[in-house]
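A.B. asks: Here is my input, please return the structure:
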Amino acid sequence: MIKTAIAGASGYTGLELVKLISNHPGASLEAVTSNSYQGKSFTDIFPSMRGFESLICTPFDAKELSDKVDVVFLALPHKVSMAFAPDLIDQGIKVIDLSADFRFDDAKAYEAAYQPHTAPNLLEESVYGLCELNRKQIRNARIIGNPGCYPTSILMPLVPLLKEQLISSQGLISDSKSGVSGAGRSLSLTTHFCEVNESFGPYKVGNHRHTPEINEVLTKAAGETVSLTFVPHLVPVTRGMVSTIYAQICEGIDEKQIRDTLNKWYENEPFIRILPPDQFPNMSHIKGTNYCDIGFHLEPESGRLIMVSAIDNLLKGAAGQAIQNMNIMFSIDEKTGLNWVQTPL
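C.D. replies: I've put the predicted structure just below:
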């Protein structure tokens, strides 16, 4: 049995982790920490979790956790995770960080988008936890940087095609839409009901923090510098994410080669679904699951490839992928605790 703890359990991602681990046949939840809700029952924070009254939020203490757990999920804000992770690693505890603090190979790239990094030695060691692409490295890792939700939705379709040199590394564009839960549980004017309801629009155009994360992985895949244009939008739904990605195919490439490559890369991946021709992903089809659905259309006249992906931003974009990472790290079937069928209602 894998013994786990969640630091920062009072957010939406923390809630999803509690639910997933509580239903995981190979893992137990030994502790939840929250500085904001110390001493409070988890049901005081989330009344929907009645029956979990014995789950009490405690202060974070790496030494105390060392006697209890094998792995800690850091569902914490950026900058906070990098302060907690070194103590956990020193205690022999594995770390799966859901912030951006350990997603980058290049400390300078992280610092340009966020703030100075206080644990650069661990940044050098951490593995980017995109399960389908980095499984071998994840298996032996002590610390995982769980990918962002937007990057997951964009990288899954693009990386295979860049690696196989089927599309140009130049001129890539992603037009992405997210449900409001992607902004987290903290109060803000932009996610206020009256601001979001019956509304739709882009935000952080040209300066979203996920852009350098995406570009670092795409550059590695392409073997040359990639600078994707990323435009995120907020839509008035609670959860779900759809990315529409535009790329130019290389000379001589056709639709069959695109489909064959995606099928080859993902045919044995339990959570990637390549849709049949003329079918495209939809938020409602992946909500509540750890799936990433991918569909595409090639315009023969222009050579432009239009790819569409959909994920649940709280699951494959956060907590679900974190559990998948845990399963790989501890050498159990990675579908464990995640393999259920979503219902459309």
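A.B. asks: where does the residue lying closest to K79 once chain neighbours are set aside land in three-state SS?
C.D. replies: Nearest in space to K79, with sequence neighbours left out and distances taken as Cβ to Cβ, 6 or more residues apart in numbering, is Q115 at 5.6 Å. Using the backbone N, CA and C atoms, a C-beta is placed for each residue, glycine as well. What DSSP: H, G, I helix; E, B strand; the rest coil gives for Q115 is coil.
A.B. asks: With A9 instead?
C.D. replies: Quick answer, by three-state DSSP: A9 is coil.
A.B. asks: What ranges does this structure have for its helices?
C.D. replies: Ranges of helices within the chain are 12-22, 42-45, 62-66, 80-90, 107-113, 120-125, 131-139, 149-163, 193-196, 210-222, 255-266, 283-286, 319-329, based on DSSP state H.
A.B. asks: now these in a markdown table, with mean pLDDT?
C.D. replies: Converted to a markdown table, these look like this (pLDDT from 0 to 100):
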| stretch | mean pLDDT |
| --- | --- |
| helix 12-22 | 93 |
| helix 42-45 | 86 |
| helix 62-66 | 90 |
| helix 80-90 | 94 |
| helix 107-113 | 89 |
| helix 120-125 | 92 |
| helix 131-139 | 97 |
| helix 149-163 | 98 |
| helix 193-196 | 76 |
| helix 210-222 | 95 |
| helix 255-266 | 97 |
| helix 283-286 | 93 |
| helix 319-329 | 98 |
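A.B. asks: Go through the ones you listed and name the closest to P300.
C.D. replies: For the helices of the chain, the distance to P300 is smallest for helix 255-266, at 8.0 Å, taking Cβ to Cβ.
A.B. asks: Out of the helices of the chain, which is closest to G179?
C.D. replies: It's helix 283-286; of those, that one is closest to G179 (Cβ to Cβ) at 7.4 Å.
A.B. asks: List the buried residues of that closest one.
C.D. replies: 283, 285-286 (16 or more other Cβ atoms under 10 Å).
A.B. asks: what does stretch 128-138 give?
C.D. replies: Neighbour-count burial for stretch 128-138 [16+ other Cβ under 10 Å]: 128-135, 138.
A.B. asks: now stretch 237-257
C.D. replies: For stretch 237-257, by 16+ other Cβ under 10 Å, it's 237, 239-249, 253, 257.
A.B. asks: do the same with stretch 213-223
C.D. replies: Residues 213-222 are the ones in stretch 213-223 that count as buried (16+ other Cβ under 10 Å).
A.B. asks: hmm, who's touching that stretch?
C.D. replies: By Cβ atoms under 8 Å, 6 or more residues apart in numbering, the residues outside stretch 213-223 that reach it are 100, 103-106, 109, 113, 128, 130, 147-148, 150-151, 154-155, 158-159, 162-163, 169, 172, 174, 225-228, 230.
A.B. asks: And it, how far out from the chain middle?
C.D. replies: Relative to the centre of its chain, stretch 213-223 is centred 16 Å away, using Cα atoms, centre = their mean, to the nearest Å.
A.B. asks: List every C-alpha atom in it, with coordinates, as CSV.
C.D. replies: This file holds the C-alpha atoms of stretch 213-223, laid out as CSV (Å, rounded to 0.1, in the frame of the first residue of the first chain):
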residue,chain,number,x,y,z
GLU,A,213,6.7,25.6,-20.2
ILE,A,214,5.1,24.6,-23.5
ASN,A,215,8.0,26.0,-25.6
GLU,A,216,10.6,24.3,-23.6
VAL,A,217,9.1,20.9,-24.2
LEU,A,218,8.3,21.6,-27.9
THR,A,219,11.9,22.8,-28.4
LYS,A,220,13.3,19.6,-27.0
ALA,A,221,10.9,17.5,-29.3
ALA,A,222,11.7,19.5,-32.4
GLY,A,223,15.5,19.8,-31.8
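A.B. asks: picking up where we left off before, per-residue confidence for the residue nearest to K79?
C.D. replies: Confidence at Q115, expressed as pLDDT, is 90.
A.B. asks: mind checking how far it is from E124?
C.D. replies: Between Q115 and E124 the distance is 18 Å, computed by Cβ to Cβ, to the nearest Å.
A.B. asks: cool, V196 as well?
C.D. replies: Counting by Cβ to Cβ - V196 and E124 are separated by 39 Å.
A.B. asks: what's around the residue nearest to F200 when sequence neighbours are not counted, how many residues?
C.D. replies: The shortest distance from F200 to any non-neighbouring residue, by Cβ to Cβ, 6+ apart, is to V235 (5.7 Å). V235 has 16 neighbouring residues, counting by other Cβ atoms under 10 Å.
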